[in-house]
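[1] take this sequence and fold it.
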Amino acid sequence: MPPDQRNHPLRRHALGLWFCGLGLLGLLRCWMRIARTGGFHHTTDWLWLIGSLAVIAVGLFSIARNHRRRTGSD
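    Residues are numbered from 1 along each chain as shown. As a prediction, the model looks like this:
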């Protein structure tokens, strides 16, 4: 594989982008449930929201970590 394809940002940050996408889908699911029921009525609504935000945070941390590793700054 040519070096320019190996260092492409989508390849370097694939796991972080996957986590962010999964978290955004979770937020969408949470919003749909809240819109349907009219608010945070169940513990599962809060769990969806907190879990989705946590997955997005993990994705952003992974992207930032790979970016720092790539640029060489700590």
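
[2] OK, contacts around Val55?
    Phe19, Cys20, Leu22, Gly23, Gly26 (Cβ atoms under 8 Å, 6 or more residues apart in numbering). The C-beta positions use only the backbone N, C-alpha and C, and glycine is treated the same way.

[3] so the last one is in which element?
    For Gly26, the enclosing helix or strand under DSSP states H and E is helix 14-37.

[4] who does that helix touch, helix- and strand-wise?
    Applying 3 or more Cβ pairs under 8 Å, 6 or more residues apart in numbering; DSSP states H and E, one finds that helix 14-37 contacts helix 43-71.

[5] what angle separates the helix it packs on from helix 14-37?
    160 degrees (axes from the mean of the first three to the mean of the last three Cα atoms, to 10 degrees).

[6] go through helix 43-71 and flag the buried ones.
    Asp45, Trp48, Leu49, Ser52, Val55, Ile56, Val58, Gly59, Ser62, Ile63, Asn66 (16 or more other Cβ atoms under 10 Å).

[7] could you give the mean pLDDT of it?
    Mean pLDDT, computed over helix 43-71, is 90.

[8] check the secondary structure at Phe40 for me.
    Here Phe40 is recorded as coil under DSSP: H, G, I helix; E, B strand; the rest coil.

[9] hang on, the earlier thing: weed out the non-buried ones from the contacts of Val55.
    Phe19, Cys20, Gly23, Gly26.

[10] nearest the geometric middle of the chain, what residue?
    Cys20 (1.7 Å; Cα atoms, centre = their mean).
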